[in-house]
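[1] no FASTA, just this:
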Ligand SMILES: [Zn+2]
């Protein structure tokens, strides 16, 4: 289907951000004028508290206006990449914003140069820009001479080169051949493999797809490794230049997370979750009657034939009922999302795959993109994305623009908790053992597998890479495959055969080009698991704690955020409890399988 043929009720309504495209273009112009004004009025003058605060408020306005307009154009583009006008609008928005940021890059350097007393006064009087000023102060010990900072910012554009090379190799150069099983031809592609064949229940098709996929990506292992090596060495160089103790301290600085917290997340899951997941692999082996359980079989669903179909009306009802415990206002937001068309459900040519939620600051709505297939799994995706919407509704309405830049450490907590609450609700609506096993398998095989296994193993691998680089070494394809294979073998033990090609998983994840992002997935889900338990046991008082934490935006550190939610992540207790919870779900799935006899 072409985008123009999609029925309007399946599309989102971007006029909730701006009535017309012209209005959005006008907002971009406003942002450009603000940048000019900041440069004209404040360059060379940021040596007193009043000017610092006034300038920062203009800067805040510029960022807020520019990013809202840019969201409008990027969201428009996401629904149809084949539309040239959308692409041109978006690239215009990007260039105006980049120009604005370059023009105003003096702001941070000048503020950091001001006397301590002046800065202290500016922080006191800063209001919505106070925390941003505090962050500039916090980063001051690691700032270089203004001339050097300027040179680095001019080179900033090239810092992203490794990731661009990675994407070119992966998205433009890689060509996948068709493969044949029993003389039937199967087309292969990157997304086709990751979205379809990995879950395919026919063993031969699944394994041939895995083999062909692995053999193809292997041809690009050297260019990919070279790009990745450049990326991690860049991090080491920046850490050294700025005077951080090591590359880990440099990478964890912005997340406001200690090395302890980071290491513990990886070490405990590697050790304590592994036995449960090996049992899960055994269950998959049994229900699918496999002779050998291999890496290529891990994405299988426990019961792929059981696939409840759902209408959009039912989805709304399930989610509203499942999240009723969050209170009337929250449920109202859910109904508004459907009624006011916050959600783009269509499947059309040129539309972005996957799902996401965007909540432009200052807009009265969030925008959720997914391709609705009428499956129960889509209901979980919707509940997840509505969790992001609920989070940003609270913090956008409470905080200034800068205080809504939520640390990655807990950004996935409000979304995953909705999946867990929905699970709890569905379990109660139907006591059929097959349905119950299916709900559990969605939670373990999707929610927890994705966050606690896939991304965690990536994090464990990444830590080894950065250790080598930090000690002055470099990494090549062979080293990277070796590290990945070790991590997989350590986690899966004898329960899973590490198929040839599995060691190339280091080539697949764009997250490796986003600092230490991978480990934060399990951190967010640890907080939401504990919080979900509190909500189900304590009701309203726990919900109120949760809402207060969500409304805090980025005014709190990850540790403080968790504390507001009543979760103490300074100890390993929440993590151990979560692992225990996963273990119990796997045990129950095994028992239900005995009971069902298949
Ligand atoms: Zn999410």
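    Arrived safely, thanks for sending. Because the structure is predicted, anything quoted here is derived from the model rather than measured. Numbering: from 1, shown residues only.
[2] ok, now which ones touch the residue nearest to the spatial centre of the chain?
    Residue closest to the average C-alpha location in the chain (C-alpha atoms, centre = their mean): residue 412, at 6.8 Å. Going by C-beta atoms under 8 Å, 6 or more residues apart in numbering, residue 412 touches 451, 520-521, 524-525, 528. Where you see a C-beta, it was placed from the backbone N, CA and C, and this is true even at glycine.
[3] can you put those in CSV and add secondary structure?
    Shown next, in CSV, are the contacts of residue 412 (DSSP: H, G, I helix; E, B strand; the rest coil):
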residue, secondary structure
451, helix
520, helix
521, helix
524, helix
525, helix
528, helix
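[4] for those residues, which one is nearest residue 390?
    Checking the contacts of residue 412 against residue 390 by C-beta to C-beta gives residue 528 as the nearest, at 12.6 Å.
[5] now the spatially closest residue to that closest one that is not a sequence neighbour: how far from residue 206?
    Nearest residue to residue 528, sequence neighbours excluded (C-beta to C-beta, 6 or more residues apart in numbering): residue 417, at 3.7 Å. Distance, residue 417 to residue 206, using C-beta to C-beta, to the nearest Å: 32 Å.
[6] tell me which of the two has more neighbours.
    Each of residue 417 and residue 206 has its neighbours counted (other C-beta atoms under 10 Å); residue 417 has more, 28 against 22.
[7] which parts of the one helix or strand the more buried one maps to are buried?
    Secondary structure from DSSP states H and E places residue 417 in helix 413-429. Within helix 413-429, the residues that qualify as buried are 413-426, counting by 16 or more other C-beta atoms under 10 Å.
[8] that one: how far from the chain's middle?
    Helix 413-429 sits 19 Å away from the centroid of its parent chain (C-alpha atoms, centre = their mean, to the nearest Å).
[9] hmm, back to that, gap between the residue nearest to residue 528 and residue 151?
    In this view, residue 417 and residue 151 are 44 Å apart by C-beta to C-beta.
[10] and if you look at residue 429?
    On the measure of C-beta to C-beta, residue 429 and residue 151 end up 61 Å apart.
[11] just residue 136 next, same as before
    19 Å.
[12] now swap in residue 221 and tell me
    Distance from residue 221 to residue 151, counting by C-beta to C-beta: 34 Å.
[13] which of those two has more residues huddled nearby?
    Shown here are residue 221 and residue 151; by other C-beta under 10 Å, residue 221 has more neighbours (19 against 12).
[14] skipping adjacent residues, who's closest to that one in space?
    Nearest in space to residue 221, with sequence neighbours left out and distances taken as C-beta to C-beta, 6+ apart, is residue 477 at 4.1 Å.
[15] just residue 37 next, same as before
    Nearest non-adjacent residue to residue 37 (C-beta to C-beta, 6+ apart): residue 58, at 6.6 Å.
[16] check contacts around the one you found.
    For residue 58, the residues meeting the contact criterion (C-beta under 8 Å, 6+ apart) are 34, 37-38, 42.
[17] likewise for residue 233?
    By C-beta under 8 Å, 6+ apart, residue 233 lies in contact with 469, 474.
[18] in which helix or strand would I find it?
    Using DSSP H and E, residue 233 sits within helix 221-242.
[19] run the chain-centre distance for the worst-scoring helix or strand of the chain on mean pLDDT.
    One helix or strand of the chain scores below all others by mean pLDDT, DSSP states H and E: helix 146-159, with a mean of 79. Offset of helix 146-159 from its chain centre (C-alpha atoms, centre = their mean): 27 Å.
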